[in-house]
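Colleague: The following comprises the amino acid sequence and a computationally predicted model.
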Amino acid sequence: MKDERLLEMRVFKTVVETGGFTAAANVLNVSQPFVSQSISNLERRLGVQLLHRSTRTMRLTNEGERFLRSCSEILESLEEAEAQVRSSEPTGNLRVSAPHAFGMDQLVPQLPGFLAAYPKVCVHFSLSDSNVNLIEDNFDIAVRMGRLQDSSLRSRKLCDLQRIVVASPAYLAAHGQPVTPQGLTKHACLTWESPREHLNQWPFIINGKLERVAVRGGFRSTDGTTLFQLCVAGVGIMRLAEHLALPAIRRGELVRLLSEYEAKDDTAIHIVYLPERQVVPRIRAFIDYFVEAFRTPPWQAV
């Protein structure tokens, strides 16, 4: 069934603003009977009289005055919503979810530049190592590490994701250094709790073949930042993402282990978003800005 409510609101508002049915018809480029019928239909549906009419004058009833205020607010909101979508200038609220460690370490330092470039965008930034549901959790964008699971989402790649095995100098001084991947079974390793337990199977190239070593230790967590901090503190060995590992190695906080056995990860860091939101300027601006920022990953610069 066709919904004429917005049309009737526009007709009613124009009648009041122009002072009569004929004048409103001229402004709207419709017939006078159409205007009259629209007002009659509106009053019939609402069950109230909006206008006192005579052959010479017309004035609003009390109900008409209240309805006019509501009509003005609704029509102005509609115009603003359409203008924001049509506009090429990014504006409005942007809800972003990102993994905790990568978000704090890499995205947050880039946010001041984005906010300065797009001052009319208000970013709501949430850090979580859980994969949010963009629809149910009301997010426009999520940053995902690893293999993408939900094929219904659109995605843009930020950069490759590579993990390397590291430990602190204090841990190695106290417990020695593994010389083969199998030697990890004799060491305390920092491991992931569900749902990322698959990351506790560390891949290595052994005798030219990809093999996985199941590691264990006395500490597990769902939070990557916590695991990283305990690794630096000397609690155990960790297979750590390069964005945290390489700067820590350069600072002398961590030591790279088993580099001759390293396996190349075939995973990446992506921005994902809903298909129907791809053309919204604020979303496109955020994606383009961060894709460019990570064209050369900052942690690879020496």
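Modeller: Sure thing, it's come through. Predicted, not measured: the structure shown is a model, and the values here were computed from it. Residues are numbered from 1 along each chain as shown.

Colleague: pLDDT score for V302?
Modeller: On pLDDT, V302 comes in at 59.

Colleague: and the next element down the chain from the longest helix along the chain?
Modeller: In the chain, taking DSSP state H as the definition, the longest helix is helix 62-86. Next in sequence after helix 62-86, counting helices and strands by DSSP states H and E, comes strand 92-98.

Colleague: Who are the packing partners of that following strand?
Modeller: strand 121-127, strand 141-145, helix 281-293 (3 or more C-beta pairs under 8 Å, 6 or more residues apart in numbering; DSSP states H and E). From N, CA and C alone the C-beta is placed, and that goes for glycine too.

Colleague: quick check: mean pLDDT across stretch 275-282?
Modeller: For stretch 275-282, mean pLDDT rounds to 69.

Colleague: re the thing from before, quick check: which of the helices and strands packed on strand 92-98 is buried the most?
Modeller: The highest mean neighbour count among the helices and strands packed on strand 92-98, using mean count of other C-beta atoms under 10 Å, belongs to strand 141-145: a mean of 22.

Colleague: How is the chain divided into domains?
Modeller: 5-86, 92-161+267-300, 163-261 (automatic domain parsing).

Colleague: ok, F114 - contacts?
Modeller: V121, V123, A285, F286, Y289, F290 (C-beta atoms under 8 Å, 6 or more residues apart in numbering).

Colleague: Phi first, then psi, for it.
Modeller: With angles defined as degrees, to the nearest 10, F114 sits at phi -60, psi -50.

Colleague: ok, it to I283 distance?
Modeller: Per C-beta to C-beta, to the nearest Å, F114 is found 12 Å from I283.

Colleague: Ok, G217 next?
Modeller: For G217, the distance to I283 - C-beta to C-beta - is 40 Å.

Colleague: now Y171
Modeller: From Y171 to I283 the distance is 43 Å (C-beta to C-beta).

Colleague: Near the nearest residue to D265 once chain neighbours are set aside, how many other residues are there?
Modeller: Excluding its sequence neighbours, the residue lying closest to D265 (C-beta to C-beta, 6 or more residues apart in numbering) is Q162, at 5.0 Å. Q162: 19 surrounding residues under other C-beta atoms under 10 Å.

Colleague: Quick check: phi and psi at Q162.
Modeller: According to degrees, to the nearest 10, Q162 has phi -130, psi 130.

Colleague: who are the neighbours in contact with the closest residue to S88 other than its chain neighbours?
Modeller: Once flanking residues are discounted, S88 sits nearest to P281: 6.0 Å by C-beta to C-beta, 6+ apart. Residues near P281 by C-beta under 8 Å, 6+ apart: S87, S88, E89, P90, T91.

Colleague: wait, the fourth one sits on P119?
Modeller: No - P90 lies out of contact with P119 (C-beta atoms under 8 Å); the separation is 9.5 Å.

Colleague: higher neighbour count, the two?
Modeller: P90 (21 against 9).

Colleague: Now do the more buried one, the pLDDT please.
Modeller: 90.

Colleague: which stretches of the protein aren't confidently modelled?
Modeller: Counting by pLDDT under 70, the low-confidence segments of the chain come to 1-2, 80, 83-87, 150-152, 276-279, 301-302.

Colleague: For it, just list every one of the strands.
Modeller: 51-53, 58-60, 92-98, 121-127, 141-145, 154-161, 163-167, 190-192, 201-206, 209-214, 219-221, 238-241, 255-256, 267-273 (DSSP state E).

Colleague: Including distance to L6, could these go into TSV?
Modeller: Below are the strands of the chain laid out as TSV (distance: least, C-beta to C-beta, whole Å):
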stretch	distance to L6
strand 51-53	19
strand 58-60	20
strand 92-98	22
strand 121-127	28
strand 141-145	31
strand 154-161	31
strand 163-167	54
strand 190-192	52
strand 201-206	58
strand 209-214	60
strand 219-221	53
strand 238-241	51
strand 255-256	64
strand 267-273	29
